[in-house]
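> I'll drop the sequence and a predicted model, then ask my questions.
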Amino acid sequence: SLELFLAPFSKDEAQGGVLVVIHDVTEQRKAEELRREFVANVSHELRTPLTNIRSYAETLAASPDLPPETAESFLEVILRESDRMTHIVQDLLTLSRFDYGRMELKFSWFPFGEAIDNVCRSMQMEAKRHGHKLEKSFVGTLPRVWGDRERLEQVMLNVLSNAVKYTPDGGEIRLTAGTEGESVWMEVTDNGIGIPEEDKDRIFERFYRVDKARSRESGGTGLGLSIAREIVMQHKGTIELVNRPGPGTTVRVTLPIGGKADGSL
Ligand code: ADP
């Protein structure tokens, strides 16, 4: 949509002349709408666990004679839901630091393969718990990369934990990595539920989830991939879905080996 301003061309109206300013406010409206949507999402996401905490606590307070096992299971819900809220707030803080340019990345040269090993190791237990086979293979030797190791490990962890979450038990998850020109890449492939075509463009958006109930059940906040994208962008890299035949999902992360991030080297 367009907005029209008519302004006198010169301070002295007698001289005449009118300046016509046409503003395209479409972008501005879109940004406003996104902001409103975001606030609505945040409120909703926080209200759900709060409502649960409140009602379980209320029941506990009102029924001193509850069997101990029941009381205990109520307390567990309360603990789980408060953990959820903590997660959401932490993720929101991370995103807001990016928004305000206050996310200080700690750049260093680190061995890319070692970081992937780390992430694989920390996910191994969770994968096993779900009966998944988690395989890792590198194409050639991986170089050192100039980046914030901790944040990049977080990216890999987010992607890998999604593969674990969105694959029915007993699935297969493959992590591969290699070098291509001046970049390194990493791919996580699963044979899970996959992402419907119409959602593929949107899963990197804040709070966007294909199946809210499923995501929540597995402890998701709907912010993992948007955080991953911010971190990767700060490294001048890319994160995207790769179309592969067959069921499941493949996410690919590409990062410059060094020298392009923030002009720091
Ligand atoms: P969440 O906390 O919900 O997992 P993310 O931002 O990490 O949030 O992911 C956004 C959504 O993308 C998920 O809710 C899920 O619907 C979809 N998604 C992400 N990874 C996968 C995957 N490997 N398989 C299927 N769906 C996925």
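Yes, it's here.
> low-confidence stretches in the stretch 1-150 of the chain?
Scanning the stretch 1-150 of the chain for pLDDT under 70 picks out 1, 8-16.
> can you show me the helices along it?
Taking DSSP state H, counting those that start in this stretch as the criterion, the stretch 1-150 of the chain carries its helices at 26-62, 68-99, 112-129, 149-165.
> hang on, isn't residue 140 packed against residue 179?
Yes - between residue 140 and residue 179 there is a contact under CB atoms under 8 Å: 6.1 Å. To be clear about C-beta, it is placed using only N, CA and C from the backbone, and glycine gets the same treatment.
> just name the most buried of the helices of the stretch 1-150 of the chain.
helix 149-165 (a mean of 21; mean count of other CB atoms under 10 Å).
> outside of it itself, list whatever touches it.
Residues from elsewhere that reach helix 149-165 (CB atoms under 8 Å, 6 or more residues apart in numbering): 105-106, 108, 110, 115-116, 118-120, 122-123, 126-127, 130, 132, 145, 173, 175, 186, 188-190, 192, 215, 218-220, 224-225, 227-228, 231-232, 234-235, 239, 249, 251, 253, 255.
> now do stretch 67-79
52-53, 56-57, 59-60, 66.
> gap between that stretch and the chain center?
31 Å (CA atoms, centre = their mean, to the nearest Å).
> one step back: can I get the contacts of stretch 67-79 in a markdown table with distance to residue 160?
Compiled in a markdown table, the contacts of stretch 67-79 are given as follows (distance: CB to CB, whole Å):
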| residue | distance to residue 160 |
| --- | --- |
| 52 | 28 |
| 53 | 30 |
| 56 | 32 |
| 57 | 35 |
| 59 | 38 |
| 60 | 37 |
| 66 | 40 |
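> out of those residues, who's near the ligand?
The subset of the contacts of stretch 67-79 within reach of the ligand, by CB under 6 Å from any ligand atom, is empty.
> tell me the one of those nearest the ligand?
residue 52 (17.8 Å; CB to the nearest ligand atom).
> correct me, but that closest one touches residue 81?
Yes - with contact defined as CB under 8 Å, residue 52 reaches residue 81; the gap is 4.8 Å.
> separate out the buried members of the contacts of helix 149-165.
The neighbour count (16 or more other CB atoms under 10 Å) marks 105, 110, 115-116, 119-120, 123, 127, 132, 145, 173, 175, 186, 188-190, 192, 215, 220, 224-225, 227-228, 231-232, 234-235, 239, 249, 251, 253, 255 as buried among the contacts of helix 149-165.
> run through the residues you listed and flag the ones next to the ligand.
Near the ligand, by the rule CB under 6 Å from any ligand atom, you find 190, 192, 215, 220, 224-225, 249 out of the buried ones among the contacts of helix 149-165.
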